[in-house]
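> Provide a 3D model corresponding to the input given below.
(one chain, ligands or ions: 1)
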Amino acid sequence: MRPRDERTTQVGLTFDGQSLRAHCGQTIAAVLLNNGIRSWRTTRRNSAPRGMFCGIGVCFDCLVTLNNAPNVRACVTEVADGDVVSSQQGTGHHELD
Ligand code: FES
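So this is what the prediction gives:
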């Protein structure tokens, strides 16, 4: 468990260009849900919206692009100050979609 003062420290990040504040130690998914954002990925075939499903890192429904790296699981990845989070379309690799 993290020390209490670290858990209460605020960090700043962006999601699709929108500035958000978060508590250090929160996952990306928690921050997005706290800000009313319920979907942040679309599926490869039907462009169906996806967000958090299992919440424990198993289903891969919650993938985002983090600091230009695609396929990051938002439900198990903690935010860091200055993170640039983007919604993801399909595989996150244009050449594969
Ligand atoms: S919600 Fe299932 S892996 Fe993140």
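
> which one is Trp40 nearest to, not counting chain neighbours?
Nearest residue to Trp40 in three dimensions, chain neighbours excluded: Ser87, at 4.5 Å (C-beta to C-beta, 6 or more residues apart in numbering). Where you see a C-beta, it was placed from the backbone N, CA and C, and this is true even at glycine.

> what's the burial count for that neighbour?
Counted with other C-beta atoms under 10 Å, the neighbours of Ser87 add up to 18.

> now do Phe53
By other C-beta under 10 Å, neighbour count at Phe53 equals 12.

> Quote the end-to-end distance of stretch 79-90.
End-to-end distance for stretch 79-90: 22 Å, by C-alpha to C-alpha, to the nearest Å.

> same thing with stretch 47-61?
In stretch 47-61, first residue to last residue: 13 Å (C-alpha to C-alpha).

> who's in contact with it?
Residues outside stretch 47-61 that contact it (C-beta atoms under 8 Å, 6 or more residues apart in numbering) are 29, 32-33, 37-43, 62-63, 71, 73-76, 89.

> And stretch 18-27, by the same measure?
With contact meaning C-beta under 8 Å, 6+ apart, stretch 18-27 is reached by 2, 6-14, 30-31, 34-35, 74-79, 81.

> got a list of what the residue nearest to Trp40 touches?
Ser87 is in contact with 15-16, 40-42, 64-65, counting by C-beta under 8 Å, 6+ apart.

> Glu78 too?
Contact partners of Glu78, counting by C-beta under 8 Å, 6+ apart, are 24-28.

> Kindly recompute the last result at 7 Å.
Residues near Glu78 by C-beta atoms under 7 Å, 6 or more residues apart in numbering: 25-27.

> okay, and for this structure, where does confidence drop off?
Low-confidence segments of the chain, defined by pLDDT under 70: 1-8, 93-97.

> The ligand contacts on that one?
52-55, 57-62, 73, 75 (C-beta under 6 Å from any ligand atom).
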